[in-house]
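> build me a model:
(chains A, B, C and D)
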There are 2 protein chains.
Amino acid sequence: MASDLSDPAEHLVQTALGLLAESGIEGLSLREIARRAGVSHGAPLRHFPSLAALRAEVAGRGFQLLAESMDKAAAQVPGGSSSPLLRLAGAAHAYVEQAVANPGLFALMFRPELLDRAHPGFAQHADAAFDKLLHQVRVAQDAGLEPECDTRALAAALWSLVHGVATLWSQGALGAVSGASLETILDTALAGFIPIHALEGDDR
Amino acid sequence: MASDLSDPAEHLVQTALGLLAESGIEGLSLREIARRAGVSHGAPLRHFPSLAALRAEVAGRGFQLLAESMDKAAAQVPGGSSSPLLRLAGAAHAYVEQAVANPGLFALMFRPELLDRAHPGFAQHADAAFDKLLHQVRVAQDAGLEPECDTRALAAALWSLVHGVATLWSQGALGAVSGASLETILDTALAGFIPIHALEGDDR
DNA sequence: TTAAAATGTAGACAGTGTCAACAGTTTTCT
DNA sequence: AGAAAACTGTTGACACTGTCTACATTTTAA
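As a prediction, this is how the structure comes out:
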């Protein structure tokens, strides 16, 4: 778990993650990363071909974290006949929580114009995260969720729904304009797919 | 309708809109706008206190365009008993179409860190757009849509849903990862709220 | 007519990403 | 062991950026 900070590239990534959490996307400059890492301004380019590549690496870590926390949330939902639906709902909540807990990282992950998408480890981790969602949706469909629906289309729709809540809320747009809580909005959005009575039994 | 290009500020905004459509957010710099407008690099700052303010003005126009095209789409849905639901669905499609037709502008509208939100005409137009959505949702609730749900929470949920589809699709994320079409994904997401049989009768 | 406001120009400044030239250090190969 | 190569870092430069100040010109208002 502990990252190997003797690896210069890893040190840069960890520094960038800290700076990103602290100063947001705007503050994430190559030279500031170098300053915090205690190296000269040109050093980072020895490990990443460009700032866009370093950002892509950082964004890839974000997708890893996202997939992990969705997995963890789904796993700790107790079993039962309707558990695949609850697992999906748990993963949805974890997605939004990740976005709110680390808004800078979450925002960076979805700014393609700032990222070098060809950087190894970006598309890879992003696709892996979507594949996990796809698998959960498939299991939920076997348990009765929208059985007639194409799995990939359903996964895309659910992802969009949760992503929209996460994006708008973490930008402050939803809170300012609607008085409702994040929980209420997310559950309202999910209610179209996952029966309300199942969500009401949620432990949060 | 024709903008008054003899007004220097308006000329700058129109130039910025063109540049944004052409080069995306990254290419939208003060100096490039000045170059295209045929003025010196310092001139734009006589009309906008900062680049962030100019961007906010441009984003405000985006919200105006968005509200207009949603209104137009809703208005041209033929009347009938279920028409409020169809109007809502029409507005949802218009939202996504706007995002896809002008991805740079749409992206800018939801990048709070790049905008001076205190600029007059930004929050104003953004709030006006949400108010129109709120009104349509209220009418749809009177016509039977989720009558027990809090209107603001429902509007926030619907907005999130549509915004998520628009955002992820216009970034290329959904197309790459799911084989489904934009129409299919949006209708799948909406189906949780608006009965499928109503959408199937859609004219597109 | 005169004062003031609006509008534009030119230069400077600090900041940025990127590149090229150079210098140690470490690893690898023969 | 010795030579060659790769790795890692530094330094200085370049073009670009947003913003500020000082100065000019034009337009508007009193």
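
> every contact and neighbour count from this point should use C-alpha atoms.
OK.

> interface residues of chain A facing DNA strand C?
Applying Cα under 7 Å from any atom of the strand, we find that chain A lies next to DNA strand C at A:Leu28, A:Ser29, A:Leu30, A:Arg31, A:Glu32, A:His41, A:Gly42, A:Pro49, A:Ser50, A:Leu51, A:Ala52.

> the same query, at a cut-off of 6 Å, please.
With Cα under 6 Å from any atom of the strand as the criterion, chain A meets DNA strand C at residues A:Ser29, A:Leu30, A:Arg31, A:Glu32, A:Gly42, A:Ser50, A:Leu51.

> give me the buried subset of these.
Buried members of the residues of chain A next to DNA strand C, scored by 16 or more other Cα atoms under 10 Å in any protein chain shown, are A:Leu30, A:Arg31, A:Glu32, A:Leu51.

> if we can go back for a sec, okay if I get the residues of chain A next to DNA strand C as a markdown table plus pLDDT and secondary structure?
Converted to a markdown table, the residues of chain A next to DNA strand C look like this (pLDDT from 0 to 100; DSSP: H, G, I helix; E, B strand; the rest coil):
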| residue | pLDDT | secondary structure |
| --- | --- | --- |
| A:Ser29 | 98 | coil |
| A:Leu30 | 98 | helix |
| A:Arg31 | 98 | helix |
| A:Glu32 | 98 | helix |
| A:Gly42 | 98 | coil |
| A:Ser50 | 98 | coil |
| A:Leu51 | 98 | helix |
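
> and the pLDDT at the residue positioned nearest the centre of chain A?
Centroid check for chain A by Cα atoms, centre = their mean gives A:Leu66 as the closest residue, at 4.0 Å. Confidence at A:Leu66, expressed as pLDDT, is 98.

> show me what contacts A:Val58?
Listed by Cα atoms under 8 Å, 6 or more residues apart in numbering or on different chains, the contact set of A:Val58 reads A:Val13, A:Ala16, A:Leu17, A:Leu105.

> for the closest residue to A:Val100 other than its chain neighbours, give its distance to A:Gln98.
Nearest residue to A:Val100, sequence neighbours excluded (Cα to Cα, 6 or more residues apart in numbering or on different chains): A:Ser170, at 5.4 Å. For A:Ser170, the distance to A:Gln98 equals 10 Å [Cα to Cα, to the nearest Å].

> and the residue of chain A most remote from its centre, what does it touch?
For chain A, the residue at maximal distance from the C-alpha centroid (Cα atoms, centre = their mean) is A:Ser40, at 31.8 Å. By Cα under 8 Å, 6+ apart, A:Ser40 lies in contact with A:Ala34.

> got phi/psi on it?
Reported as degrees, to the nearest 10, the phi and psi values for A:Ser40 are phi -80, psi 170.

> could you report the pLDDT at it?
pLDDT, read off for A:Ser40, is 98.

> can you check A:Ala198 too?
Looking at A:Ala198, the pLDDT reads 56.

> rewinding a little: surely the residue nearest to A:Val100 meets A:Ala99?
Yes: at 6.7 Å, A:Ser170 counts as touching A:Ala99 under the criterion of Cα atoms under 8 Å.

> pick out the most distant pair among the buried ones among the residues of chain A next to DNA strand C.
Within these, A:Glu32 and A:Leu51 form the most distant pair, 11.6 Å apart (Cα to Cα).

> can you tell me if whichever strand or helix holds the residue nearest to the centre of chain A touches DNA strand D.
Here A:Leu66 is covered by helix A:51-75, with elements defined by DSSP states H and E. No: for a cut-off given as Cα under 6 Å from any atom of the strand, helix A:51-75 has no contacts with DNA strand D; the smallest distance is 13.6 Å.

> that helix: which residues count as buried?
For helix A:51-75, burial by neighbour count (16+ other Cα under 10 Å) applies to A:51-71, A:73-74.

> need the next SSE after it, C-terminal direction.
That would be, after helix A:51-75 and using DSSP H and E, helix A:83-101.

> where along chain A do the helices fall?
Secondary structure of chain A (DSSP state H): helices at A:8-23, A:30-37, A:51-75, A:83-101, A:103-109, A:123-142, A:151-170, A:173-177, A:182-191, A:196-200.

> what residues does the first one touch?
Yep, that's helix A:8-23 we're talking about. Contacts for helix A:8-23 (Cα under 8 Å, 6+ apart): A:3-5, A:27-28, A:33-34, A:36-37, A:44, A:47-48, A:54, A:57-58, A:102-105.

> switch to 6 Å and redo it
Helix A:8-23 is contacted by residues A:Leu5, A:Leu28, A:Ile33, A:His47, A:Gly104 when judged by Cα atoms under 6 Å, 6 or more residues apart in numbering or on different chains.

> skipping its backbone neighbours, what lies nearest the first one in space?
Yep, that's A:Leu5 we're talking about. Nearest to A:Leu5 is A:His11, by Cα to Cα, 6+ apart, at 4.8 Å.

> next, count neighbours for the one you found.
16 (other Cα atoms under 10 Å in any protein chain shown).

> any idea how far it is from DNA strand C?
17 Å (Cα to the nearest atom of the strand, to the nearest Å).

> again, but for A:Lys132
A:Lys132 is 32 Å from DNA strand C, by Cα to the nearest atom of the strand.

> need the per-residue pLDDT for that residue.
Looking at A:Lys132, the pLDDT reads 94.

> so what's it closest to, chain neighbours aside?
Nearest non-adjacent residue to A:Lys132, counting by Cα to Cα, 6+ apart: A:Ala67, 7.3 Å away.

> now for chain A, the helix or strand with the poorest mean pLDDT.
Ranked by mean pLDDT, DSSP states H and E, the weakest helix or strand in chain A is helix A:196-200, scoring a mean of 56.
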